[in-house]
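Q: sequence plus predicted model, see below.
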Amino acid sequence: MPGNTSLADTSPADTSPADLYRHSLRLLLDKNIPAWVDLWAEDGILEFPFAPQGWPGRLEGKEAIAAYMRHYPDHIDLHDVPDLRIHQTTESDVIVVEMRAVGRLVETDSPYDMTYIAVVTVRDGLISTYRDYWNPLTVQEPGVDFTASGTR
């Protein structure tokens, strides 16, 4: 089906934004946060337009993004991205991603099931901006707040 993509292994040498994004998901599923952060430009920006109060709405720079993501696997055990659609925009370096990620919350061992929409810009083979539209209601569940470990 057009627009459907899989998480088939791709190498970091693949330069299309869609291939880079699929590779980034594989790294998250592998819990390889340092390699995931390496896919970011030094001045990368990660935005959360729907961030609830107390959560960061914008992270500027690779170092801030690394600090934010450092404890992600300790709180969210991501198992799969069963639904993934990557849409190319009229700008060759911008994609829109629709996806669903599933796994479990480590603290409570309860299911994790989140739907996302992201707008991602790739510059020189690295992620330069990422606007992550996720459901802020899910952070009301115990075990989701991986920012509470001092990385805010």
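A: Looks like it came in fine.

Q: three-state assignment of Val81?
A: The three-state label given to Val81 by DSSP: H, G, I helix; E, B strand; the rest coil is strand.

Q: so how many other residues sit close to Asn135?
A: Using other Cβ atoms under 10 Å, Asn135 has 11 neighbouring residues. (Each C-beta comes from the backbone N, C-alpha and C, glycine too.)

Q: mind listing what's buried along the longest helix belonging to the chain?
A: Longest helix of the chain, by residue count under DSSP state H: helix 17-29. If you call a residue buried by 16 or more other Cβ atoms under 10 Å, then helix 17-29 has these buried ones: 17-28.

Q: from those, which is closest to Ile86?
A: Using Cβ to Cβ, Ala18 comes nearest to Ile86 of the buried residues of helix 17-29, at 4.6 Å.

Q: quick one: contacts for Lys31?
A: Residues near Lys31 by Cβ atoms under 8 Å, 6 or more residues apart in numbering: 73, 78.

Q: and it, that one's in a strand?
A: No. Counting by three-state DSSP, Lys31 is not part of a strand but coil.

Q: gap between it and Glu63?
A: Noted for Lys31: a distance of 20 Å to Glu63, by Cβ to Cβ, to the nearest Å.

Q: hang on, the earlier thing: and which of the buried residues of helix 17-29 is nearest Glu98?
A: Tyr21 (11.7 Å).

Q: wait, doesn't that closest one sit right on Val97?
A: Yes. With contacts counted by Cβ atoms under 8 Å, Tyr21 reaches Val97, the gap being 6.2 Å.

Q: overlap in contacts, these two.
A: With Cβ under 8 Å, 6+ apart as the test, Tyr21 and Val97 both reach 86, 120.

Q: show me the strands in the protein, by range?
A: Applying DSSP state E to the chain gives strands spanning 40-47, 58-60, 76-88, 94-105, 111-123, 126-134.

Q: with mean pLDDT and distance to Met69 added, can I get those in a markdown table?
A: Compiled in a markdown table, the strands of the chain are given as follows (pLDDT from 0 to 100; distance: least, Cβ to Cβ, whole Å):
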| stretch | mean pLDDT | distance to Met69 |
| --- | --- | --- |
| strand 40-47 | 98 | 9 |
| strand 58-60 | 98 | 9 |
| strand 76-88 | 96 | 11 |
| strand 94-105 | 96 | 14 |
| strand 111-123 | 95 | 15 |
| strand 126-134 | 96 | 11 |
